[in-house]
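Q: quick one: sequence and predicted model below, then my questions.
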Amino acid sequence: MVPHFSNVGPLPEVDTQTMIEVDRLMMEEFQISLFQMMENAGRCLAVLAREIALDGAPEDKRVVVLAGGGGNGGGALTAARRLATWGAKVCVVTAQGRDRMGDVPKAQLDTLLGLENVVEMSVEDIGVPVDVILDGLIGYSLKGSPRGPAARLIEWANNHRAPTLALDVPSGYDASNGTINEPAIQAAATLTIALPKLGMQTRGATSHIGTLYCADISVPPQLYQCLTPRLDLAPIFQRSDILCVRSAFHQEL
C-alpha cells in the first residue's frame, strides 16, 4: 500500500532561469548554502524512497543511485547516504570522474563511500535484485539531449524493472521549456524541489514524470516576492516536507 502524502493540487511552475535566481537569492540574500539545500532535498528523497518504494523498511533493500557532478547528483547522493544509514545496501554509479564534479557533490560522494554498506561500481556489474533507482544525473540546467555516460545510464534505468525516482526533474527533461529530450528517464515518481518546473503538471509529461511530488528545501516564502514576475505564495509546507502535486493513477510502485 502506497502511503498518503498531503495533496496540494496545482502549484505555480518555474523555468530554469527562475530557479537559477531562486538559488542565487537563497545563498546571497538569505544565507542558505548549497550544502543546506542539498541536505534538505536529499533527506526528502530518502523519505519518499523509503515510503513508496521500500515498503517503509529500507534495511537490506538494494538502492542504485545514478549521480551527475552537479547539485542534482549531490542531492541524490545525500539521499543514498540517508538510506544507507537506515540499513539499505547502496550501489553508486557516477556519470563522470571526481575531477569533473562540483566541490559539494564530491564531498557528498566521499562521505557516502565511507559507509560500509556502500559500493561504487558500473551498471554492468550490478546484479539483481534492485529495489529502487535514484536518478540524480542531470538537473534543471540541461542543455540539449543527454549524451555520453549520462545517456547510457538513462537507457539502463529505463530498461530496468526497478522503479526510478527522479530528483527535481527526470534526467532528459528540459526545465527551460518543458520539453522531453531523448533519452529521458521514465520515472515512477519525481520529487521536484521548491516548485514544479515548467510543464511538469501537464498530463502529457506523466510518462516521464510519474507521480509528481514537491519537496521543501526551506525556501523562505518572501524570497518568491523578489522574483520577476513576483510570486505571492503562501507557505505550502506547514504540514509536511513532501507534498503530492499530481498522481499518476496508472502507475504503481
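A: In hand now; what should we look at?
Q: from here on, contacts and neighbour counts on C-alpha atoms
A: OK.
Q: tell me where the model's unsure across this protein.
A: 1-4, 249-253 (pLDDT under 70).
Q: quick one: the helices in it?
A: 16-28, 34-52, 71-85, 103-113, 148-159, 206-209 (DSSP state H).
Q: wait, which of the ones you listed is closest to Asp241?
A: helix 34-52 (7.0 Å; CA to CA).
Q: quick one: residues in contact with the closest one.
A: Outside helix 34-52, the residues that touch it by CA atoms under 8 Å, 6 or more residues apart in numbering are 2-3, 27, 56-58, 71, 74-80, 82-83, 104, 132, 165, 167, 191, 193, 215-218, 241-242, 253.
Q: give me the buried stretch members for it, please.
A: 34-35, 37-52 (16 or more other CA atoms under 10 Å).
Q: related to what we said a few turns ago, filter the contacts of helix 34-52 down to the buried ones.
A: Here, 16+ other CA under 10 Å leaves 58, 71, 74-80, 82-83, 104, 132, 165, 167, 191, 193, 215-218, 241-242 buried among the contacts of helix 34-52.
Q: all strands for the stretch 101-250 of the chain, in order.
A: 118-120, 132-136, 164-167, 173-174, 179-180, 189-193, 211-215, 242-246 (DSSP state E, counting those that start in this stretch).
Q: so how far is the fifth one from its chain's centroid?
A: So the one you mean is strand 179-180. Put simply, strand 179-180 sits 17 Å off its chain's centre (CA atoms, centre = their mean, to the nearest Å).
Q: give me the distance between the nearest residue to Ser141 once chain neighbours are set aside and Ala95.
A: Sequence neighbours aside, Thr16 is the residue nearest to Ser141 in space, at 6.6 Å (criterion: CA to CA, 6 or more residues apart in numbering). Look at Thr16 and Ala95: by CA to CA, to the nearest Å, they are 22 Å apart.
Q: then Glu155?
A: 13 Å.
Q: between these two, who's got more neighbours?
A: Ala95 (22 against 16; other CA atoms under 10 Å).
Q: who's in contact with that one?
A: Going by CA under 8 Å, 6+ apart, the list of residues near Ala95 reads 66-69, 137, 149-150, 153.
Q: and the two most separated of those residues?
A: Gly69 and Leu153 (13.9 Å).
Q: what about Tyr140, how many neighbours?
A: 22.
Q: show me the contact partners of stretch 9-28.
A: So stretch 9-28 is contacted by 32-34, 140-141, 175-177, 195-201, 219, 223-224, 227, 244-246 (CA under 8 Å, 6+ apart).
Q: let's go with 6 Å and repeat that
A: The list of residues contacting stretch 9-28 from outside it, by CA atoms under 6 Å, 6 or more residues apart in numbering, reads 32-33, 140, 175-176, 196-198, 245.
Q: and those, which two are furthest apart?
A: Most distant of the contacts of stretch 9-28, by CA to CA, are Ser33 and Val245, 26.2 Å apart.
Q: so for these two, which sits in the more crowded spot?
A: The residue with more neighbours, out of Ser33 and Val245, is Val245; 22 against 14, by other CA under 10 Å.
Q: ok so, going back, which of the contacts of stretch 9-28 lies closest to Ile126?
A: Distance ranking of the contacts of stretch 9-28 against Ile126, using CA to CA, places Tyr140 first at 27.7 Å.
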